[in-house]
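**Student:** Build me a model from this:
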Amino acid sequence: MSNKKILITGGEGFIGSHLRDKLVENGNKVTVVDNKNKTGLDICDHRLFDVFEDIQPEVIFHFAAQTNVRVSNEQPAQDASVNIMGSLNVLDAARKVGVKKIVFASSAAVYGEASTFPTPEDAAPDRPSPYGIAKATTEKYLAYYSQSLNLPFVALRFANVYGPRQHSTAVIGSFFESILSEKEISIHGNGEQTRDFVFVGDVVRVSILAAQSSAIGAYNIGTEKETSLNELLKIIEDITQRKAKVYYEREKSGGQQRSSLSIGKAKKELKWEPSYTLAHGLEETFEWYKQQLST
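**Tutor:** Modelled structure (predicted):
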């Protein structure tokens with residue numbers, strides 16, 4: 001994708017900033033809407049419509065969100081105000097200026113406690129968090145806008161994305177930061193709970209492929225592989241050549257035990273599959289964290 005007018009919501013965030021850099025590198029004119037940058041514009045702000053009018057973007061990557069699941073559990077209304085109402089603000093603005101495609105950062109959280117692994121796109125949700133409910137609701141609005149208001153979309157249901165620039169509150173970031181700072185690592189439960197870890201570079205690549213494609217609908221983006229937290233920590237110990245100090249705490253109620261996404265649909269229709277192994281991705285992530293802690 002090149003020579004396009006593109007707008008990214010959340011373009012100062014972890015995934016959004018990587019996407020922004022790649023799109024600029026490819027020769028696109030990219031505008032970022034993010035409450036963290038110099039404009040300080042929130043997706044719930046009515047001024048968003050003026051930005052869309054001024055820029056006339058052809059493609060929207062809607063990656064802005066309230067991403068803290070704990071906050072969504074404690075304050076569902078606050079979560080919905082950003083993740084549902086803010087998204088509707090984006091969709092209305094996009095429709096009014098005739099955007100040709102919108103790519104939405106959805107989440108594996110739409111499935112809640114899955115019972116099939118790897119989990120396919122047609123799996124019935126079971127006890128999703130308010131965050132997952134908000135993502136699923138936005139997908140339904142996207143389908144409506146596509147079918148009734150001619151706004152084509154792709155919703156990418158990301159597994160556990162990791163890589164450079166990720167906040168240290170995420171599991172991989174916290175493991176790296178703790179082990180490099182010689183701090184104790186706290187793991188809830190026995191550490192055998194699994195996650196599907198996908199590298200941010202692969203996520204950026206599929207986001208661009210989705211924008212270029214004629215595909216419409218929801219797609220899982222992961223690796224189809226389950227990695228336990230104990231296995232993850234062992235790989236990180238091998239990469240850093242350091243032994244972690246681990247403390248196993250009582251497991252929190254409602255903690256998800258397994259996660260792995262089926263990506264057959266993305267392989268077939270988006271012509272994408274992950275190129276990074278977990279070890280390779282963690283090595284790149286380690287170099288970034290090491291640099292951050294040395295400055």
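**Student:** Where do the strands of this protein begin and end?
**Tutor:** Ranges of strands within the chain are 5-9, 29-33, 59-62, 101-107, 153-158, 160-162, 184-188, 194-195, 197-199, 217-221, 227-228, 245-249, based on DSSP state E.
**Student:** Give the other helices and strands that the third one contacts.
**Tutor:** By that I understand strand 59-62. Packing partners of strand 59-62 (3 or more C-beta pairs under 8 Å, 6 or more residues apart in numbering; DSSP states H and E): strand 5-9, helix 87-96, strand 101-107, helix 200-212. Bear in mind the C-beta positions are built from the backbone N, C-alpha and C, glycine included.
**Student:** Quick one: the ones you listed as JSON lines, columns for mean pLDDT, distance to residue 21 and mean neighbour count too.
**Tutor:** JSON lines is the format used below for these (pLDDT from 0 to 100; distance: least, C-beta to C-beta, whole Å; neighbours: other C-beta atoms under 10 Å):
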{"stretch": "strand 5-9", "mean pLDDT": "98", "distance to residue 21": "11", "mean neighbour count": "25"}
{"stretch": "helix 87-96", "mean pLDDT": "98", "distance to residue 21": "21", "mean neighbour count": "20"}
{"stretch": "strand 101-107", "mean pLDDT": "98", "distance to residue 21": "16", "mean neighbour count": "26"}
{"stretch": "helix 200-212", "mean pLDDT": "98", "distance to residue 21": "9", "mean neighbour count": "22"}
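**Student:** Make TSV from those and add distance to residue 247 to it.
**Tutor:** TSV is the format used below for the helices and strands packed on strand 59-62 (distance: least, C-beta to C-beta, whole Å):
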stretch	distance to residue 247
strand 5-9	38
helix 87-96	38
strand 101-107	29
helix 200-212	28
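**Student:** Name the nearest residue to residue 65, ignoring sequence neighbours.
**Tutor:** Among residues not flanking residue 65 along the chain, residue 83 sits closest, at 5.4 Å (C-beta to C-beta, 6 or more residues apart in numbering).
**Student:** Distance-wise, check the one you found relative to residue 266.
**Tutor:** Using C-beta to C-beta, to the nearest Å, residue 83 is found at 23 Å from residue 266.
**Student:** returning to that earlier point: okay, now the residue nearest to residue 65: neighbour count?
**Tutor:** When neighbours are defined as other C-beta atoms under 10 Å, residue 83 has 23 of them.
**Student:** Give me the distance between it and residue 137.
**Tutor:** Using C-beta to C-beta, we find residue 83 at a distance of 8 Å from residue 137.
**Student:** what's the answer for residue 52, then?
**Tutor:** 22 Å.
**Student:** who has more neighbours, those two?
**Tutor:** In terms of neighbours (other C-beta under 10 Å), residue 52 is the more surrounded of residue 52 and residue 137; the figures are 23 against 16.
**Student:** Surely the more buried one is in contact with residue 95?
**Tutor:** No - Residue 52 is beyond contact range of residue 95, at 9.6 Å (criterion: C-beta atoms under 8 Å).
**Student:** thinking again about what came up before, can you say which of the strands of the chain is nearest to residue 275?
**Tutor:** For these, proximity to residue 275 was assessed by C-beta to C-beta; strand 197-199 is nearest, at 8.2 Å.
**Student:** Retrieve the pLDDT associated with residue 39.
**Tutor:** For residue 39, the model assigns a pLDDT of 61.
**Student:** what do you get for residue 253?
**Tutor:** 58.
**Student:** any residues touching the lowest-mean-pLDDT helix or strand in the chain, and which ones?
**Tutor:** Lowest on mean pLDDT, DSSP states H and E among the helices and strands of the chain sits helix 69-74, with a mean of 88. Helix 69-74 has contacts (C-beta atoms under 8 Å, 6 or more residues apart in numbering) with 66, 78-79, 83, 109, 129-131, 134.
**Student:** ok, now stretch 95-106?
**Tutor:** Outside of stretch 95-106, the residues within contact range by C-beta under 8 Å, 6+ apart are 10, 15, 49, 52-53, 56-63, 65, 87, 90-91, 94, 135-136, 138-139, 142, 145, 149-158, 207, 210-211, 218.
**Student:** What subset of the residues you listed is buried?
**Tutor:** Buried subset of those (neighbour count, 16 or more other C-beta atoms under 10 Å): 10, 15, 52, 57-63, 65, 87, 90-91, 94, 135-136, 138-139, 142, 145, 151-158, 207, 210-211, 218.
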